[in-house]
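Visitor: heads up, no residue letters with this:
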């Protein structure tokens, strides 16, 4: 037996078992089952595709509904703000009328002195209009600020700006045209900032009468604005010029009450 015969026999024996297994009934039955397996894969892929398409359509529908709701709420807020501004203008006109009538009634020297005292108290309480040289601070969110990021103006930022202006000697302060008084509150509600319970819109404009950008405490304001820009990217600007502030709202006392003269005696004090 030569070398070629040995190689031929080796190859024949090595492949004979594989050939028999391939032709066996088990192999044939497995071959017949192959199309069913492929079919199940296609069915599963089709079902998965249907589920993905349904999920995409549902997400798109939800996103469209949220966008529509947000647009409707924004439009409603704008309409309500317009109504509030109209009522505020009417209050301002009525306040001017009351001041004019008060001036007409107070014509004696004693009444003039009393009127001056009332005006001074009104200025200190923020319930009278005031104008004069002042400072205007405009601040806005960072250009790339997201709705949930810290790169947006917060209520505490406006609080600190207002406090810095008070320390600079401001006689009156207003934010977006809303005068600050002793009962004013600057607070956040969700994603909005409220002053006197009225929502503000960007950019935020803080006006102060009776101070300048070079007065005492101006360094605190500059440092605050630089810090907000460096850490959060807030954009701000400070201008100096004539400023006019509207009168603030007048509220009745909640706790203090005037004691009638008939219930008091001279030298006695009320509790």
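Guide: Thanks, I have the structure now. None of these values were measured; they are calculated from a predicted model.
Visitor: And for residue 191, the neighbour number?
Guide: Counted by other Cβ atoms under 10 Å, the residues lying close to residue 191 total 9. Every C-beta, even on glycine, is put in place using the N, C-alpha and C of the backbone.
Visitor: just use 5 as the starting number from now, easier for me
Guide: New numbering, starting at 5: the last item is residue 195.
Visitor: Apart from its chain neighbours, what residue comes closest to it?
Guide: Spatial nearest neighbour of residue 195, chain neighbours left out: residue 151 (6.4 Å); criterion: Cβ to Cβ, 6 or more residues apart in numbering.
Visitor: Mind telling me what element the one you found is part of?
Guide: According to DSSP states H and E, residue 151 maps onto no helix or strand at all.
Visitor: What is the burial count for it?
Guide: For residue 151, using other Cβ under 10 Å, the count is 7.
Visitor: Please report how far it lies from residue 145.
Guide: Residue 151 is 10 Å from residue 145, where distance means Cβ to Cβ, to the nearest Å.
Visitor: anything in contact with each of the two?
Guide: Counting by Cβ atoms under 8 Å, 6 or more residues apart in numbering, no residue touches both residue 151 and residue 145.
Visitor: returning to that earlier point: I figured the residue nearest to residue 195 hits residue 194, correct?
Guide: No. The pair residue 151 / residue 194 is not scored as a contact, 10.5 Å apart, by Cβ atoms under 8 Å.
Visitor: shared neighbours of those two, anything?
Guide: In contact with both residue 151 and residue 194: no residue, using Cβ under 8 Å, 6+ apart.
Visitor: Backbone dihedrals for the residue nearest to residue 195, both of them.
Guide: Torsion angles at residue 151 (phi, psi; degrees, to the nearest 10) stand at phi -60, psi -30.
Visitor: go on, residue 57?
Guide: Torsion angles, degrees, to the nearest 10, at residue 57: phi -60, psi -40.
Visitor: Tell me how many other residues crowd it.
Guide: 10.
Visitor: Over to residue 164?
Guide: 18.
Visitor: burial count for residue 167?
Guide: Residue 167 has 16 neighbours, counted by other Cβ under 10 Å.
Visitor: Doesn't it lie inside a helix?
Guide: Yes. Assignment of residue 167 by DSSP: H, G, I helix; E, B strand; the rest coil places it within a helix.
Visitor: Kindly state the beta-bridge partners for residue 202.
Guide: Counting by DSSP bridges, residue 202 is bridged to residue 199.
Visitor: Go ahead and confirm it touches residue 179.
Guide: No. Residue 202 is beyond contact range of residue 179, at 9.8 Å (criterion: Cβ under 8 Å).
Visitor: which residues of the stretch 155-275 of the chain fall in strands?
Guide: 176-179, 182-183, 190-193, 196-199, 202-203, 208-213, 239-249 (DSSP state E, counting those that start in this stretch).
Visitor: what does the second one contact?
Guide: The set of residues that contact strand 182-183 without belonging to it, under Cβ under 8 Å, 6+ apart, is 130, 176-177, 188, 199-200, 202, 204, 249-253.
Visitor: one more time with 10 Å, if that's ok
Guide: The contact list for strand 182-183 (Cβ atoms under 10 Å, 6 or more residues apart in numbering) reads 92, 129-134, 176-177, 188, 190, 198-202, 204, 211, 249-253.
Visitor: So in that sheet, which strands flank that strand, and in what orientation?
Guide: Each strand paired with strand 182-183, and its direction, by DSSP bridges: strand 176-179 (antiparallel).
Visitor: Let me see the mean pLDDT of the strand it pairs with.
Guide: For strand 176-179, mean pLDDT rounds to 93.
Visitor: Over to stretch 56-64?
Guide: 72.
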